[in-house]
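*Asks:* structure here, sequence nowhere to be found:
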């Protein structure tokens, strides 16, 4: 299960002419995208093409067997040849070859078919060779005897004696030799049958690769952050950026609520044990680490790009100033700078919040930050022992049993992150220096360095506002009474870290969802339109299907090639037996004479001469005179 919210249909492009590169862990794959319904129809059509490929392939195998298998005028091999040639498809051929192998293993010990319940002869199972005049060793009937079932040889011309014998052209094959050939043909047929089924499943899976689509470049928007982070506007610009990011932050939080297990597979969260001398009731420590790959971000140009993030948070009660007044708690972050104040009795109609602070002296990609929660004095239906939600009996006449204690500890955190591509790595603000990077210049030089300048937990937490804390899920307006027993720092921090991974992977995808009315679009770079290179990423949507161009092209080409070879070889077999002598010692090629329709024609000509059949060299012979079709009218 992947994590995404279906974007509007106008935010991406579809169609067989809209080719793009689908990013995968092994690299990019050429692809096209169509609607989900169209993708299902294409997959169904290609499943049928796979069936045709194996049908034509089986015909080619039969043609090769017909052309080059040495039957050595052995009737058992002739039977196998007839069975294969008329099998129709590989599964039926496998069944027939299995029966053929049984006949070669279990020979009938009695001559003349005495033990055959169907009255057939046993010489065919004995492995005896056939003579050129059709007389078989071991009890086969002579065609000249006039028995109505004798069709092993075509009628001789009138100037030849029916009983003329010829010396065998070669040593008759043994029954064990026929058995091994039967096993080979069985394995070939069974393999083609299983392969047909497997290919229909596997190729369909390879054809439909996912549900991503390239964005519509005219829908891409990214604010010109240089205009909105300038000093002197009393923070109005930053407020605009925060408001712009708020929907993306809320989507990320909603995604982890719906796909918590999936996200946890990508993020490592480990508890830090309390140090010696530290009370476990006042301590909570959590380390986290995750990777955001180019595939996660949907980068067509650099799927193997990786952002590696590591961080840690733990409670720090030393920042709380001991002489805090009765109305508020005072914190001295990192023991320096201006103090931070938190009300001990917050406004009841305001949801609980967490504030984020950055250490000004942070260097490079290693940034220290802090979190101070505003839960002190909040009412709770249940008691709690967590450092952020530890309760005491209510000090007022409010009919709620518990209240959060004042002096809640702050969280001291750090985070480091670096870009990696192959064996090279770079600081977050030096992404464009990575050798081999193909990312669009605007994204590499401006947008990504700005997006990942601060810890993602801080960026997302500020944009999410009151939704940043998990505990707010249990607090309802207008009084926002908490459930301290179900709340904890760990669940709040896990929510922020997991959502940060989702938010990081959506950095470019969110550019198609920003509502930047009245704001300057940096993606246009002053040119009035977004360049094609800016759209070299993909969006995810359950309304589309992504198809592999390689499979779309290769499957029809394979079918056409095999069909061409099959037609050519079939034409050759109609005019030449190649390495195979004619079974009936006439000028009719085996590919025609061994068809079931032609075998019936030969039988009919012997049982009801003269027959007057037409199209004797075609796959379907026919009789046109009514007297020949129905025979003589009985008296």
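*Replies:* Yes, it's here. Note that this is a predicted model, so its numbers are computed, not measured.

*Asks:* where does the prediction get shaky in the stretch 51-200 of the chain?
*Replies:* 107-172 (pLDDT under 70).

*Asks:* could I get the full set of helices for it?
*Replies:* Counting by DSSP state H, counting those that start in this stretch, the segments of the stretch 51-200 of the chain that form helices are 75-85, 90-105, 123-126, 175-207.

*Asks:* please parse the protein into its domains.
*Replies:* When the chain is parsed with automatic domain parsing, its domains come out as 226-375+411-471+503-534, 595-635.

*Asks:* could those domains go into a markdown table alongside mean neighbour count?
*Replies:* Where C-beta positions appear, they are placed from N, C-alpha and C, glycine not excepted. Converted to a markdown table, the domains of the chain look like this (neighbours: other CB atoms under 10 Å):
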| stretch | mean neighbour count |
| --- | --- |
| domain 226-375+411-471+503-534 | 17 |
| domain 595-635 | 13 |
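
*Asks:* so which of those comes closest to residue 103?
*Replies:* With distances scored as CB to CB, the stretch of the domains of the chain nearest to residue 103 is domain 595-635 (19.0 Å).

*Asks:* is it true that residue 533 touches residue 444?
*Replies:* No: with contact defined as CB atoms under 8 Å, residue 533 does not count as touching residue 444 (10.7 Å).

*Asks:* returning to that earlier point: turn the helices of the stretch 51-200 of the chain into JSON lines, including distance to residue 253 and mean neighbour count.
*Replies:* Conversion of those to JSON lines gives the following (distance: least, CB to CB, whole Å; neighbours: other CB atoms under 10 Å):
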{"stretch": "helix 75-85", "distance to residue 253": "65", "mean neighbour count": "21"}
{"stretch": "helix 90-105", "distance to residue 253": "54", "mean neighbour count": "19"}
{"stretch": "helix 123-126", "distance to residue 253": "76", "mean neighbour count": "22"}
{"stretch": "helix 175-207", "distance to residue 253": "33", "mean neighbour count": "17"}
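
*Asks:* now residue 360: closest residue in space that isn't a chain neighbour?
*Replies:* Computed as CB to CB, 6 or more residues apart in numbering, the closest residue to residue 360 that is not its neighbour in sequence is residue 337, at 7.5 Å.

*Asks:* now that neighbour: how far from residue 361?
*Replies:* 10 Å (CB to CB, to the nearest Å).

*Asks:* repeat that for residue 185.
*Replies:* Distance from residue 185 to residue 361, by CB to CB: 80 Å.

*Asks:* kindly report the same for residue 560.
*Replies:* Taken as CB to CB, the span from residue 560 to residue 361 is 69 Å.

*Asks:* tabulate the helices of the stretch 51-200 of the chain (TSV), appending distance to residue 308.
*Replies:* Formatted as TSV, the helices of the stretch 51-200 of the chain follow (distance: least, CB to CB, whole Å):
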stretch	distance to residue 308
helix 75-85	60
helix 90-105	51
helix 123-126	71
helix 175-207	31
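
*Asks:* among those helices, which is nearest residue 410?
*Replies:* Proximity to residue 410 (CB to CB) singles out helix 175-207 among the helices of the stretch 51-200 of the chain, at 51.0 Å.

*Asks:* who are the packing partners of the very next helix or strand once past that closest one?
*Replies:* Toward the C-terminal end, the helix or strand that comes next after helix 175-207 (DSSP states H and E) is strand 208-210. On a contact count with 3 or more CB pairs under 8 Å, 6 or more residues apart in numbering; DSSP states H and E, strand 208-210 meets strand 15-24, strand 544-548.

*Asks:* relative to the last one, what are the paired strands and their orientations?
*Replies:* It stands for strand 544-548. Sheet pairing for strand 544-548, assigned by DSSP bridges, gives strand 27-35 (antiparallel), strand 208-210 (antiparallel).

*Asks:* also the longest one?
*Replies:* Based on DSSP bridges, the strands next to strand 15-24 in the sheet, each with its direction, are strand 27-35 (antiparallel).

*Asks:* and the strand it pairs with with helix 175-207, angle?
*Replies:* Angle, strand 27-35 to helix 175-207, by axes from the mean of the first three to the mean of the last three CA atoms, to 10 degrees: 70 degrees.

*Asks:* could you pull out the buried residues of strand 27-35?
*Replies:* Buried residues in strand 27-35, defined by neighbour count with 16 or more other CB atoms under 10 Å: 28, 29, 31, 32, 33, 34.

*Asks:* pretty sure the fourth one contacts residue 22?
*Replies:* In other words, residue 32. No: between residue 32 and residue 22 there is no contact under CB under 8 Å: 9.5 Å.

*Asks:* where exactly do the strands run in the stretch 151-300 of the chain?
*Replies:* All strands of the stretch 151-300 of the chain, identified by DSSP state E, counting those that start in this stretch, fall at 208-210, 212-213, 267-271, 285-293.

*Asks:* can you put the ones you listed in JSON lines and add distance to residue 369 and mean pLDDT?
*Replies:* JSON lines is the format used below for the strands of the stretch 151-300 of the chain (distance: least, CB to CB, whole Å; pLDDT from 0 to 100):
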{"stretch": "strand 208-210", "distance to residue 369": "36", "mean pLDDT": "94"}
{"stretch": "strand 212-213", "distance to residue 369": "34", "mean pLDDT": "96"}
{"stretch": "strand 267-271", "distance to residue 369": "18", "mean pLDDT": "95"}
{"stretch": "strand 285-293", "distance to residue 369": "13", "mean pLDDT": "97"}
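
*Asks:* let's have these in JSON lines, adding distance to residue 49.
*Replies:* JSON lines is the format used below for those (distance: least, CB to CB, whole Å):
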{"stretch": "strand 208-210", "distance to residue 49": "14"}
{"stretch": "strand 212-213", "distance to residue 49": "24"}
{"stretch": "strand 267-271", "distance to residue 49": "42"}
{"stretch": "strand 285-293", "distance to residue 49": "34"}
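
*Asks:* residue 539 is nearest to which of those?
*Replies:* Of the strands of the stretch 151-300 of the chain, nearest to residue 539 by CB to CB is strand 212-213, at 5.6 Å.

*Asks:* ranges for the helices of the stretch 201-350 of the chain?
*Replies:* Along the stretch 201-350 of the chain, counting by DSSP H, counting those that start in this stretch, helices occupy 225-228, 236-258, 260-264, 294-297.
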